[in-house]
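In: After the sequence you'll find the predicted model.
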Amino acid sequence: VTSIADRLNVEFALIHKERKKANEVDRMVLVGDVKDRVAILVDDMADTCGTICHAADKYVVYAILTHGIFSGPAISRINNAAFEAVVVTNTIPQEDKMKHCSKIQVIDISMILAEAIRRTHNGESVSYLFSHVPL
């Protein structure tokens, strides 16, 4: 997080959450300051979307997720949350979900995945892609 914040020349905060069992957050604590700022929630995946929607109601305007699983009540929760947009990659098809939720936007990452596979196959550096993203 600090590396990304430094590259973007922005401050960051994080949400620490504790779970007692899957899909159930016991406690969430904001570490940092987001008052009077546009907040972007970045996470690796969202399943039922309870955490990101709870955060949206308190702090967050945008969410960026690698994998939008969106099971159970996820779409209803997103529709009722204070998001401007929930941006996901196309690692999971989202066409059906997008029909029911106008807040979902998809980024195509097929080119970067193809380049990562090519580099792995040829024994080239994959970490190179962190600073040189193919368009």
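Out: That came through fine.

In: Please pick out the residue of the chain most distant from its centre.
Out: Ranked by distance from the centre of the chain (Cα atoms, centre = their mean), the top residue is residue 122, with 30.0 Å.

In: Just read off the phi/psi values of residue 39.
Out: Dihedral pair for residue 39: phi -110, psi 140, per degrees, to the nearest 10.

In: pretty sure it is touching residue 63, no?
Out: No: Residue 39 is beyond contact range of residue 63, at 9.5 Å (criterion: Cβ atoms under 8 Å). To be clear about C-beta, it is placed using only N, CA and C from the backbone, and glycine gets the same treatment.

In: Who has more neighbours out of the two?
Out: residue 63 (27 against 19; other Cβ atoms under 10 Å).

In: Point out where the chain drops to low pLDDT.
Out: Applying pLDDT under 70 to the chain flags residues 23, 134-135.

In: Please enumerate the strands of it.
Out: 14-21, 24-31, 40-46, 62-68, 85-89, 104-107 (DSSP state E).

In: In TSV, list those along with distance to residue 97.
Out: Output for those, formatted as TSV (distance: least, Cβ to Cβ, whole Å):
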stretch	distance to residue 97
strand 14-21	23
strand 24-31	22
strand 40-46	11
strand 62-68	7
strand 85-89	9
strand 104-107	6
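
In: out of these, which comes closest to residue 78?
Out: strand 85-89 (5.6 Å; Cβ to Cβ).

In: which other helices and strands contact the closest one?
Out: strand 62-68, strand 104-107 (3 or more Cβ pairs under 8 Å, 6 or more residues apart in numbering; DSSP states H and E).

In: Generate a markdown table for the ones you listed, with distance to residue 27 as supplementary columns.
Out: Below are those laid out as a markdown table (distance: least, Cβ to Cβ, whole Å):
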| stretch | distance to residue 27 |
| --- | --- |
| strand 62-68 | 20 |
| strand 104-107 | 28 |
